[in-house]
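Colleague: Model the following, please.
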Amino acid sequence: MSQVLIIDDEPSICWTFEQALSDAGHKVRSCASAEAAFDELDGFRPDVVLLDVRLPGVSGLDAIEQLRQRVDGAPVILMTAFGSLDVAVDAIDRGAFDYLPKPFDLDAAIEVVSRALANQNDAEAVDARSSDTVEALEIIGHSRSMQEIFRQVALVAREDVPVLITGESGVGKELVARAIHRRSRQAGGEFVPICIPALSSTLIESELFGHVRGAFTGADRERRGLLRAADGGTAFFDEIGEIPLLQQVKLLRVLDDRQLTPVGSSTSQPASFRLIAATNRSLEELVDRNEFREDLYYRLRVFPIHIPPLRERRDDIPELARHFLACAAGDRALMLSDSALGELNSRNWLGNVRELRAAMQYAAVVTRGSTVTPDCLPPPRVSDSDAGLDRGEVIRRELLEWAREHVGPSGDLHGRFLAEFERTIIDAALTAADGNRSAAAELLGLHRETLRKKLSAGSG
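Modeller: Purely as a prediction, here's the structure:
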C-alpha cells in the first residue's frame, strides 16, 4: 500500500483526492499548510506528495526542497490554479515531478500520481537555477490549454530531445520555441530561426549546411550555414513541412550522426544543436502522401506540443489584448471598455494572436481619449463571419447562437433543440438518399419504422 500526502488549503480538493486515492488502495493524509505537513512527516512517510502552490504561510514552491529532503526524494506533484510559464519552470527546476494545473480532470490527476509512484526510483530532480538567470518571455494566458503548454515547456526545456510544435499560423509557435531555448542547457548558444519557405529553392542546401569555396558557380568564399551557426544552441525550423525531400534525407543524417557535411566538401563537421520544429500543416498527411519522410517525422516528433487557436481559448483574449495595447500605447495609459472586450471576444481571430496584436496596435493609433471603444477597433475580417471557417466551426457557431437565444428557466433546452433541428437532419438525409426512406434511415442510423413515425409526427 502506497502512502500519499496531500497539502492543500482547499478542503474540497483534499476530500476528492482522499476518496479517489483511498479507493485505489492508497493510504492518504491531508494537511492545510506546509508547516502542518512538516509536523505530519514525523510519523508519516509518503511515497508521493501532492502540493498546492498557494498556501498560507510557507508557499508550495518554497516548501519543495525541504519536503523532498524530509521524504527521502519521494516525487512531489505541484498543483496550482494560478500558473504561469515561470511558475511551471520554477516548479520543475526545484525538483517537482510534475505540474498539475487546476481545475484538473480527476482521472488524469490520478494517472499522474500512479506514474509518479511507478517511476519513483528513477525520478531525478532537475538542477535548480536562480530565477534571475532566466530571461522572462511574454507568453501570456491563464486558460487551461495554456497552463498545459507551460507545463510541457517546463518538462522538456532541460531535456535534449527534439520538439515539434504544431498549430495554426499566428498562435505563437516561435515564442514557445524561444521559451524552451532560453530555459534549456543550450541557452548560452544562439537561437537560430530558419524559415523554410523563405529559403531559396536552389540554394537551400547551402543555406542550411553551408558550402566550401568553389562548391558551385558563384561560391567564391566559404559559407558557414545556418546549422553551423546554431552549433551549441538551438535551430528552430519554422514550417518544417515545406522542406524538400532531398534535404529531409540530409537533415535526418545530421540528427542521427551529429555531423554535417557542407556542400562541395567530403569532410564532416560536428553539429551539436537542439532542434525545435514547427508547422501549421499535418505532417501525418504529408507522410501519407509521400511528401514527408516517415523516419524524419518520428525523429522530430519526440516531444509534441500543440498550441490551440485563439478562438478555442477565449479566456486568454482579455489578458492578451491588454498586454498588446499597453505595448502599443507606449507612455499613454489606454484601457479597454467592456463593450470593446465584448467585441474582441465575439471575433474568431483566424489570424490568432498575431491578428489580435495588430488589432491592438491599430486601436492605439486611432483612440483619441483614454478608452478603447468598439469603433476604435479595425473592422472584422470578412471571413470572421463565416467564410474561411471549416464547416464544423460554422455549425458550432450557429448552434451556440441558437442556444444563447433559447436559454430559459424551463431547463428543456435539449428537447427544444431536437424539436427545432431533428427534421432538418432528416430532410438532409432524405435529400442525400434521393427520397429513399430505407436508405435515409440507414444514413441516420435509425430503423426504417422509427423514421416513418418521426415523419408522420412531423407532418401532423
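
Colleague: Break down the stretch 351-460 of the chain into its helices, ranges please.
Modeller: For the stretch 351-460 of the chain, helices defined by DSSP state H, counting those that start in this stretch occupy the ranges 352-366, 391-406, 413-432, 437-444, 448-459.

Colleague: Can you lay out those as TSV showing mean neighbour count?
Modeller: (Glycine included, C-beta is placed from N, CA and C.) Listed next are the helices of the stretch 351-460 of the chain as TSV, based on neighbours: other Cβ atoms under 10 Å:
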stretch	mean neighbour count
helix 352-366	19
helix 391-406	12
helix 413-432	13
helix 437-444	17
helix 448-459	12
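
Colleague: Out of those helices, flag the one nearest residue 16.
Modeller: Across these, residue 16 has its closest neighbour in helix 413-432 (28.2 Å, Cβ to Cβ).

Colleague: That closest one - what's its average pLDDT?
Modeller: Helix 413-432 shows a mean pLDDT of 76.

Colleague: That one packs against which elements?
Modeller: The helices and strands touching helix 413-432, judged by 3 or more Cβ pairs under 8 Å, 6 or more residues apart in numbering; DSSP states H and E, are helix 391-406, helix 437-444, helix 448-459.

Colleague: Lowest mean pLDDT across the helices of the stretch 351-460 of the chain, which one is that?
Modeller: When the helices of the stretch 351-460 of the chain are compared on average pLDDT, helix 391-406 comes out lowest at a mean of 63.

Colleague: shaky segments in the stretch 51-200 of the chain?
Modeller: Within the stretch 51-200 of the chain, the stretches with pLDDT under 70 are 82-83, 119-138.

Colleague: now the strands for it?
Modeller: Remark: strands assigned in the stretch 51-200 of the chain by DSSP state E, counting those that start in this stretch are 76-80, 98-101, 163-166, 191-195.

Colleague: Repeat that for the stretch 251-400 of the chain.
Modeller: 259-260, 269-270, 274-279, 303-306, 335-336, 371-372.

Colleague: Output the helices of the stretch 351-460 of the chain as TSV; include the columns distance to residue 232.
Modeller: Formatted as TSV, the helices of the stretch 351-460 of the chain follow (distance: least, Cβ to Cβ, whole Å):
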stretch	distance to residue 232
helix 352-366	30
helix 391-406	43
helix 413-432	59
helix 437-444	60
helix 448-459	68
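
Colleague: If I look at residue 281, what pLDDT would I see?
Modeller: Taking residue 281 on its own, its pLDDT is 90.

Colleague: what sits against it?
Modeller: 239, 241 (Cβ atoms under 8 Å, 6 or more residues apart in numbering).

Colleague: distance of it from residue 164?
Modeller: 12 Å (Cβ to Cβ, to the nearest Å).

Colleague: low-scoring stretches of the stretch 251-400 of the chain, by residue?
Modeller: Residue ranges of the stretch 251-400 of the chain with pLDDT under 70: 382-400.

Colleague: now with 80?
Modeller: By pLDDT under 80, the weakly predicted segments of the stretch 251-400 of the chain are 263-268, 381-400.

Colleague: Excluding chain neighbours, what is closest to residue 455?
Modeller: Of all residues beyond its chain neighbours, the one nearest residue 455 is residue 426 (7.0 Å), with distances taken as Cβ to Cβ, 6 or more residues apart in numbering.

Colleague: Residue 285: which of the helices of the stretch 351-460 of the chain is closest?
Modeller: Proximity to residue 285 (Cβ to Cβ) singles out helix 391-406 among the helices of the stretch 351-460 of the chain, at 17.4 Å.

Colleague: about what we covered before: closest to residue 235 out of the strands of the stretch 51-200 of the chain?
Modeller: strand 191-195 (5.2 Å).

Colleague: and the helix or strand that comes right after the closest one, average pLDDT?
Modeller: Next along the chain after strand 191-195, taking DSSP states H and E as the criterion, comes helix 204-209. Average pLDDT, helix 204-209: 82.

Colleague: Backbone dihedrals for residue 49, please?
Modeller: Phi and psi for residue 49, reported as degrees, to the nearest 10, are phi -120, psi 130.

Colleague: which one is residue 364 nearest to, not counting chain neighbours?
Modeller: Distances taken as Cβ to Cβ, 6+ apart put residue 328 closest to residue 364, at 3.7 Å, once the chain neighbours are dropped.

Colleague: From residue 362, how far out is that neighbour?
Modeller: Using Cβ to Cβ, residue 328 is found at 9 Å from residue 362.

Colleague: for residue 163, same thing?
Modeller: Residue 163 is 33 Å from residue 362, by Cβ to Cβ.
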